[in-house]
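Q: I would like the atomic coordinates for the input below:
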Amino acid sequence: MSGESSKNIFFEQLSGLYGEMEDAYGQVAEEIGLLCKGCPDNCCNSYFHHHTYLEWAYVWEGMGALPEKGRREFAHKAQAYAQESRLLLAQGRRPDIMCPLNDKGLCRLYEHRLMICRMHGVPNRLLRPDGKEMTFPGCFRCQELCKHLKEVPILDRTNLYRKLASLEMAFLGPRIKILPRVNLTLAEMILQRPPEF
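A: As a prediction, the model looks like this:
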């Protein structure tokens, strides 16, 4: 099997996992009554780091389908994002900057958006491999809605993260032992081009 065919199989598996994430998110959002339409905020200005080579490569699968002009435009926006982020972080401030892939309020790579972009918003929890549980209350709109609920539904991300970790290990194979860990913003993934092994 060629490298390209193998990569496409991993992308199909990742897409399937993203579907599971969206279903889980949708179920919790429905129970809460959370809708993004008409929200005065935009989650696309949240500052996130991403941690898998597979998702990084998948973003570039989407970037590769764009016209050259679109790729240049997003590279320019990613450069501006990275510069402003560095300045804010040096001042001890968390960046609050629109994602470089956002165009007039919409994600230009919506089908290729990363895990955290799909899971952000509802209350969720994650049991880490070291046994520590991390919890997140959801976005401000979700927190307002949850104030009126007797029992707040929570999305457990643990199994979804484990599946993503398994896909990442299979995608990298033995290279996982020698490659540096990914800890990049989406802008940095764009600026660094697709991951190369």
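Q: So what touches the host helix or strand of Leu172?
A: Assigned by DSSP states H and E, Leu172 falls within helix 158-172. For helix 158-172, the surrounding residues in contact (C-beta atoms under 8 Å, 6 or more residues apart in numbering) are 10, 13-14, 17, 20-21, 24, 52-55, 57, 115, 119, 125-127, 176, 179, 197. Using the backbone N, CA and C atoms, a C-beta is placed for each residue, glycine as well.
Q: same thing but 6 Å
A: 10, 13, 17, 21, 52-54, 126-127, 176 (C-beta atoms under 6 Å, 6 or more residues apart in numbering).
Q: mean confidence for that helix?
A: In this model, helix 158-172 has a mean pLDDT of 96.
Q: and that helix, how far from the chain's centre?
A: 14 Å (C-alpha atoms, centre = their mean, to the nearest Å).
Q: next SSE after that helix?
A: helix 186-191.
Q: and that next one, what other elements does it pack with?
A: If you count contacts as 3 or more C-beta pairs under 6 Å, 6 or more residues apart in numbering; DSSP states H and E, helix 186-191 packs onto helix 68-90.
Q: immediately after the helix it packs on, which helix or strand?
A: strand 102-103.
Q: mind listing what's buried in stretch 49-60?
A: 50-60 (16 or more other C-beta atoms under 10 Å).
Q: actually stretch 131-151, sorry about that
A: 136, 138-139, 141-142, 145-146.
Q: Those in helices, which ones?
A: 141-142, 145-146 (DSSP state H).
Q: Need these in CSV (columns: pLDDT).
A: What follows is those, written out as CSV (pLDDT from 0 to 100):
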residue, pLDDT
Arg141, 91
Cys142, 93
Leu145, 93
Cys146, 94
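Q: Could you give the number of residues near Ser5?
A: 8 (other C-beta atoms under 10 Å).
Q: Cys39 - how many residues pack around it?
A: 13.
Q: meant to ask about Glu84
A: So Glu84, with other C-beta under 10 Å, has 14 neighbours.
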